[in-house]
Each structure stands twice: as C-alpha cells, then as structure tokens.
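Undergrad: Need coordinates for the following:
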Amino acid sequence: MHSEVVTVVMSTYNGEAYLWEQIESIVSQEGVSLHLFIRDDGSSDGTLGILREAVARYPEVVSYDLGENVGWKRSFLLALAAAPRGDFYAFADQDDVWLSGKMLRAVEMLDSRSCLEDDPKLYVSNSTVCDCFLNPIGFTHAVPLDPMEKSKGELFVENEQRGLTFVFNEKLRQLVLRVVDPGAKGHDWWTSVLARAFGSIVYDYESFVLYRQHDANAVGATPGFLARLKNWIKIITSPGDLSSTCANTLLNVFGDELQDDEFEKFLKTVRASKKSIRNRVSLLGCSDFHRSCPSGTMILRVRTLLGKY
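TA: Now for the predicted structure:
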C-alpha cells in the first residue's frame, strides 16, 4: 500500500443512472489510500440519495458538497478547491468505470518520474470507449499520443487528453486553481496545458478507464465517420470556443512565469487574432497552429478566418 493519499474529485449533475457503479469502482481501487470528494452541481434527480448512501456506506472515504448549478467546467474547479488535501489529485466523471489498478498505476508512474519534487506533474492515459452497457467500442487513442511530444503551442491548439484519466500533484493543483474562470475550456484542458507549460506530463498508452458513451454525456467520443462529420459541422457553425480569451487568461495570470519566449509570442498572436483579419492570417502562419489530421486543420483555419477562434 502506497503511503501517498489520492484525493479523487468528481462533479455530479443528474447522474443517477450510472453514478453508483462509478463510486464503487473508485472506492475499490487497490494499493492506494484515497478519498472521494463530490460536488453536486444542482441535481434534481436521485443523485443526492446516492451521495447520501455512499457516505453512509463509506464514511471514511466519501464526502460531498451541494452547490448551485454553474456548469461542469466551473463545477470541477470549485470541487478541486473545496476537496480535502492529498498528495495527488484525480478527476473522475460520474458515468465511467475505473479498473481496480488505475490509481496504483498512476501513482507509481508519477513517483518514478525523475524531476524536482515541487515540479508540476500530470499523469494521463488512454481510455476504453464503451457503449452505455460498457461493451468496448475502441480507444480514445488508437495510437500513442504523448503530449510531451507536442510543443506547448501545439498542445494549446489540439489537446487530446481526457480529464477522466488525470492524476496530478499538489503543485499542479495550485496552478489550476489560479484559473478563476475557465471560460470555454474545461478543467482538463487547463490542467494539461498548465502541466505542459510549467512541468511535465507522464503518458501511459494503457487504458484503465471504461469511458461510457450515452445520450447525456457532457463531452463524448466520436468514433464513427458520420458522428465525426456531424461534429465537424457543429464545430464550424458554433459561436466559438474563444481560445483567444483563454490565451489572454494565460498571459494575464501566468505571463511573468512562462519563461518560454516562443510560447508567449504564440499566445499573443492567438490573443490578437480576434482584432482583425490581418491578425488572423498571421496566426494561420504560425508553425504550431495545426491539428494532427488535415480535416481538423481545415476546420481550425476556417473558424479562425471567421473570427471564431
């Protein structure tokens, strides 16, 4: 049994259908001590009853807090801020299932990483995409996608890591909590971008999470061509994720600490792209401004010219 304590952070919202199965998979983790902290984001179904039952059954392991509905992106950050302190922290979605060795694997890989003790560290892994009955469909990473092989700018543009696999240390937690308003990006995007900018990311191609797909997913995988096509159309026509606003937040909150002239220059180019078509064309010329597939790069460029980046 590892001496380090892992604090698992979850945000729930009307999750009664699959929540109990996920809680059981978390409290059944082997080889580590953990605490599961859940922030409910204003559920109106049977979720609160499940949370009360979980605390009654596992009083030393599970605790929860009831909050007003602020949406999952902000709710996860509020949960992370309110959760009990630990040696490591992990994000958990309400509808997945963890394999019993997930936490042990992450802690061992983080402990084995040779870097300064106070260096921000993040563990990420593959995950198994499943249908609502947990029948496997595929993997989120068909091939290894080590984020440390991307530049900081490339990871800003295309972040393919899923928060449901994340485990990280206290130093990275402190950085993430400086992001008061996550904007259009989720907690997992911010966590991995900050880990890449200021520390290191440990990548594991193995999967230890059953990533359940169902109609109520806040964010889901798109394994089929038609699903991807619909997603591309939705992305192009959506109002915009305002990555320029996120670049502005990074520069305002962390600018003096970036210590990377190329990344800082890239963020300033992204921020300026909202102001004029000339600035958008300048952004298109940046070497980091692309995605891993031609269709993704095309969509990115169209959205940028339309002022939606």
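Undergrad: Am I right that Thr269 sits in a strand?
TA: No: counting by DSSP: H, G, I helix; E, B strand; the rest coil, Thr269 is not found in a strand; it is helix.
Undergrad: correct me, but it touches Leu284?
TA: No: counting by CB atoms under 8 Å, Thr269 does not reach Leu284; the two are 10.0 Å apart. Using the backbone N, CA and C atoms, a C-beta is placed for each residue, glycine as well.
Undergrad: which stretches of the stretch 151-300 of the chain form strands?
TA: 167-169, 200-212 (DSSP state E, counting those that start in this stretch).
Undergrad: same question, the stretch 1-150 of the chain
TA: For the stretch 1-150 of the chain, the strands defined by DSSP E, counting those that start in this stretch occupy 5-12, 33-40, 62-66, 88-92, 97-98, 121-130, 136-139.
Undergrad: Quick one: the ones you listed as a markdown table, columns for mean neighbour count too.
TA: Below are the strands of the stretch 1-150 of the chain laid out as a markdown table (neighbours: other CB atoms under 10 Å):
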| stretch | mean neighbour count |
| --- | --- |
| strand 5-12 | 24 |
| strand 33-40 | 22 |
| strand 62-66 | 17 |
| strand 88-92 | 25 |
| strand 97-98 | 20 |
| strand 121-130 | 23 |
| strand 136-139 | 14 |
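Undergrad: Nearest residue to Phe168 in space, please, no chain neighbours.
TA: Spatial nearest neighbour of Phe168, excluding adjacent residues (CB to CB, 6 or more residues apart in numbering): Leu122 at 4.5 Å.
Undergrad: can you redo the strands of the stretch 1-150 of the chain as JSON lines with mean pLDDT and distance to Val193?
TA: Listed next are the strands of the stretch 1-150 of the chain as JSON lines, based on pLDDT from 0 to 100; distance: least, CB to CB, whole Å:
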{"stretch": "strand 5-12", "mean pLDDT": "98", "distance to Val193": "18"}
{"stretch": "strand 33-40", "mean pLDDT": "98", "distance to Val193": "22"}
{"stretch": "strand 62-66", "mean pLDDT": "98", "distance to Val193": "27"}
{"stretch": "strand 88-92", "mean pLDDT": "98", "distance to Val193": "15"}
{"stretch": "strand 97-98", "mean pLDDT": "98", "distance to Val193": "24"}
{"stretch": "strand 121-130", "mean pLDDT": "97", "distance to Val193": "10"}
{"stretch": "strand 136-139", "mean pLDDT": "96", "distance to Val193": "23"}
